[in-house]
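Colleague: Return atomic coordinates for the entry below.
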Amino acid sequence: MADETPDRFRLDLTRLAPWLRERFPELAGTMEARKFDGGQSNPTYAILVDGHPRMVLRKKPPGVLLPSAHAVEREYRVTAALAGTGVPVAKPLALCEDPEVVGTPFFVMEHAAGRNFWDARLPGMTQRDRGAIYAEMIRVLATLHAVDPVAVGLSDFGKPGNYFARQVARWTRQYRATETQTIEAMDRLIEWLPANDPGLEESRIVHGDFRNDNLIFHAERPEVIAVLDWELSTLGHPLADLAQHVMAWRVTAEGYRGLADSDLPALGIPEENAYLGLYRQHTGGPPIDPDHWRYALAFAMFRNAGIRQGVYKRALEGNASSDAAKVHGARAAEIAALGWRIACGDDNAHLQAE
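Modeller: Model (predicted):
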């Protein structure tokens, strides 16, 4: 199969191959790098030797980047810290901070061979299989939140406490910097979120984008063998991480790859409340305060709308097609409106299929 990787993302093996072989002498043979498809902001490649995948390389993208963006060094650090805990990760093998080797810093990790599910509805599976997959996902997220950051050397991986306040301020700045039109729901959330901050201080390791397509499952069993894409990980409140994950229950398959327009009992996928119950079973914690959950969900929608607004702005500036700009602009407003409905007390608010 021909390598269809765009030229700007092709890896030059002239320096990479010797760098890898110096550290991993077993990589003898014809080496190639093949970029994985998908939306990773940090380009990710399979390193093949004689046509067989041997490890995975993840690097910063080319071009001028914000100082804190695309931090593969942080991804390497958190996965190295979590290796050996109950959190399944692809074991990190080596970090290269020298941009001269492939153009940007990168790290290599073990190749986790298994299944990756892009569609949250898990088409082609039985009810029992879907239920098992979802039970495993929430078990792994709860396991992550149970890890003591101090015990694994990550006490300085982020600022402790006051997570929601800091994140609301950060995403408000990001949104204002990319604002192209007035989104009334965003303006209301920007006022409501600081005024209603519940002051939750718990600080754990959070993934930041925990969802089905960032997980590798065993080829035959409903078992997560690797959580991927730790780019947004930090120290934060576990409820924010849980709400980001459970957003899928509030948004549609079309446009969002969610579950809101699916018949969950027919699919064998737990309803939202049942799913939260599974999380509580694993953490052993008390019931989630409804006001806290409402706040976390509203925040998750606000954050997602801010991200989409940024995509919209970049599209308008010529980094994507005009069609993409219109789509992301409409979705930023749509998801913000959903967040405002939740903030106003509509605990069953979700998007409707068009």
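
Colleague: which intervals of the stretch 1-150 of the chain have sub-threshold pLDDT?
Modeller: Applying pLDDT under 70 to the stretch 1-150 of the chain flags residues 1-9, 38-41, 62-70.

Colleague: Which parts of it are strands?
Modeller: For the stretch 1-150 of the chain, the strands defined by DSSP state E, counting those that start in this stretch occupy 31-35, 44-49, 52-59, 92-96, 106-110.

Colleague: Same question for the first one: list its buried residues.
Modeller: Under the neighbour-count criterion of 16 or more other C-beta atoms under 10 Å, strand 31-35 has 31, 33-35 buried. C-beta coordinates here come from the backbone N, C-alpha and C atoms, glycine included.

Colleague: helices or strands up against that strand?
Modeller: Using 3 or more C-beta pairs under 8 Å, 6 or more residues apart in numbering; DSSP states H and E, the elements in contact with strand 31-35 are helix 13-23, strand 44-49.

Colleague: Alpha carbons of stretch 23-41, as PDB, please.
Modeller: Written as PDB, here are the backbone C-alpha positions of stretch 23-41 (Å, rounded to 0.1, in the frame of the first residue of the first chain):
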ATOM      1  CA  ARG A  23      18.400   3.100  21.500                       C
ATOM      2  CA  PHE A  24      16.700   0.000  20.200                       C
ATOM      3  CA  PRO A  25      19.200  -2.200  18.300                       C
ATOM      4  CA  GLU A  26      16.500  -4.800  17.700                       C
ATOM      5  CA  LEU A  27      15.000  -2.500  15.000                       C
ATOM      6  CA  ALA A  28      17.100  -4.100  12.300                       C
ATOM      7  CA  GLY A  29      15.600  -4.100   8.800                       C
ATOM      8  CA  THR A  30      13.800  -1.800   6.400                       C
ATOM      9  CA  MET A  31      12.200   1.000   8.500                       C
ATOM     10  CA  GLU A  32       9.200   3.200   7.500                       C
ATOM     11  CA  ALA A  33       6.900   5.600   9.300                       C
ATOM     12  CA  ARG A  34       3.200   5.600   8.400                       C
ATOM     13  CA  LYS A  35       0.900   8.300   9.800                       C
ATOM     14  CA  PHE A  36      -2.300   7.200  11.500                       C
ATOM     15  CA  ASP A  37      -5.500   8.700  10.100                       C
ATOM     16  CA  GLY A  38      -7.700  10.700  12.400                       C
ATOM     17  CA  GLY A  39      -7.900  14.100  14.100                       C
ATOM     18  CA  GLN A  40      -4.900  14.000  16.400                       C
ATOM     19  CA  SER A  41      -3.500  17.500  16.800                       C
END
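
Colleague: Now do the contacts for the residue nearest the centre of the chain.
Modeller: Centroid-nearest residue in the chain: residue 209, 2.2 Å away (criterion: C-alpha atoms, centre = their mean). Residues in contact with residue 209 (C-beta atoms under 8 Å, 6 or more residues apart in numbering) are 229, 231-232, 244.

Colleague: Now with 6 Å, please.
Modeller: residue 232 (C-beta atoms under 6 Å, 6 or more residues apart in numbering).

Colleague: part of a strand, is it?
Modeller: No: counting by DSSP: H, G, I helix; E, B strand; the rest coil, residue 209 is not found in a strand; it is coil.

Colleague: what's the closest non-adjacent residue to residue 267?
Modeller: Sequence neighbours aside, residue 130 is the residue nearest to residue 267 in space, at 5.6 Å (criterion: C-beta to C-beta, 6 or more residues apart in numbering).

Colleague: Many thanks, have a good one.
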